[in-house]
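# I'd like to go over a predicted model; first the sequence, then the structure.
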Amino acid sequence: MTMVAELPPGFPDKVLSAQATFRSVMNAMARPGTVQRIAASAGAPDGVMHGTAAIALMLFDHDTPIWLDGAMSTSDVAKWLKFHTGALIVDDPASASFALIGDPDDLPALDRFAFGSSEYPDRSTTLILQVDSLSNGATYELRGPGIDGTTLLTASIQPRDLFDRLAVNATLFPRGIDVVLVDGSSIVAVPRTTRLVNGKD
């Protein structure tokens, strides 16, 4: 049994680290498809990448319902999140503001998450999806707000049909699912307004 004293630490400097992480996430959202780095140091339990941990420490609090996939649903992860953020872990993905996905191969169908409503499109689930690489793999050509023409993302992403699944966002807008891809300390944002132009292995 993991005691509080044995839990990995959070941010060494909560204010400065949270501010630095916030800037990285905002840069990623403003420039979809581009790789941003989270430099702020943060402890993390096994199975949780540095970028995922930093985002959780920066965004989550006691008013934030989160859903954990099977890979994240360990007692150590749950205790770490509860101790450092106070976030409520929920069983229903549709009631979660954020979902932490440690095994993308088992990503549930997107309609199991919240898409928000026409009146409150922000009441949707943001997926934080850990991936194998944000520097090697298939090439994805993306377009949308924040992108000058198109941009190329080279990444190894599971599930392989992620962008095909996210095409549902075009029919749902302004509702939809936002995604943050995480590879170690690197992140890429795929907001609901981003579209796949072309993908090549």
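Yep, that arrived.
# from here on, contacts and neighbour counts on C-alpha atoms
Will do.
# what ranges do the helices span in the protein?
Shown for the chain, the helices assigned by DSSP state H span residues 14-30, 50-59, 75-85, 162-166, 169-172.
# tabulate these (CSV), appending mean pLDDT, mean neighbour count and distance to Ser185.
Below are those laid out as CSV (pLDDT from 0 to 100; neighbours: other Cα atoms under 10 Å; distance: least, Cα to Cα, whole Å):
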stretch, mean pLDDT, mean neighbour count, distance to Ser185
helix 14-30, 93, 18, 10
helix 50-59, 95, 23, 5
helix 75-85, 94, 18, 18
helix 162-166, 94, 16, 21
helix 169-172, 94, 14, 27
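# let's have those in TSV, adding distance to Phe115.
Supplementary listing: these in TSV, determined by distance: least, Cα to Cα, whole Å:
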stretch	distance to Phe115
helix 14-30	18
helix 50-59	19
helix 75-85	24
helix 162-166	12
helix 169-172	8
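# of those helices, which is nearest Gly184?
Proximity of the helices of the chain to Gly184 was assessed by Cα to Cα; the nearest stretch is helix 50-59, lying at 5.5 Å.
# coming back round to it: so which of the helices of the chain gets nearest Ala42?
Each of the helices of the chain has some distance to Ala42 by Cα to Cα; the shortest is helix 50-59, at 6.0 Å.
# now the angle from the closest one to helix 14-30?
For helix 50-59 against helix 14-30, the angle by axes from the mean of the first three to the mean of the last three Cα atoms, to 10 degrees is 110 degrees.
# contact partners of helix 50-59?
Outside helix 50-59, the residues within contact range by Cα atoms under 8 Å, 6 or more residues apart in numbering are 10-11, 18-19, 21-22, 25, 38, 40-44, 81, 84-85, 100, 128, 130, 182-187.
# switch the cut-off to 7 Å
Residues outside helix 50-59 that contact it (Cα atoms under 7 Å, 6 or more residues apart in numbering) are 10, 18, 21-22, 38, 42, 44, 84-85, 182, 184-187.
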